[in-house]
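> Give me a 3D structure for the following:
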Amino acid sequence: MAKVLLLTNTLGASAEVLPALGLLQHQVRILPAEASV
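Have a look, this model is predicted:
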């Protein structure tokens, strides 16, 4: 199974950010788009 890293500042689920991700069997992880220092 492939892994997808989604960088976004949105606090919703991955399917809310990119609805097509809901069709994939991939493992999706969400992290903030901006790294905190």
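
> From now on I want contacts and neighbour counts done on CA atoms only, so please keep to that.
Will do.

> so where's this protein shaky on pLDDT?
Where the chain drops to pLDDT under 70, the residues are 36-37.

> centroid residue for it?
residue 6 (3.3 Å; CA atoms, centre = their mean).

> Now that one: closest residue in space that isn't a chain neighbour?
residue 30 (4.8 Å; CA to CA, 6 or more residues apart in numbering).

> Would you check how far apart that neighbour and residue 7 are?
According to CA to CA, to the nearest Å, residue 30 and residue 7 sit 6 Å apart.

> Mind listing the shared neighbours of the two?
Both residue 30 and residue 7 lack any common contact, where contact means CA atoms under 8 Å, 6 or more residues apart in numbering.

> Can you tell me the element residue 11 falls in?
Counting by DSSP states H and E, no helix or strand carries residue 11.

> Just give the number of residues close to it.
11 (other CA atoms under 10 Å).

> quick revisit: now do whichever strand or helix holds the residue nearest to residue 6: distance to the chain's middle.
Element membership of residue 30 [criterion: DSSP H and E] is strand 27-31. With CA atoms, centre = their mean, to the nearest Å as the basis, strand 27-31 stands 4 Å off its chain's centre.

> Enumerate the positions of that strand that are buried.
Neighbour counts over strand 27-31 (16 or more other CA atoms under 10 Å) mark 28, 30 as buried.

> Direction included, what does it pair up with?
Partners of strand 27-31 in the sheet, by DSSP bridges, are strand 3-7 (parallel).
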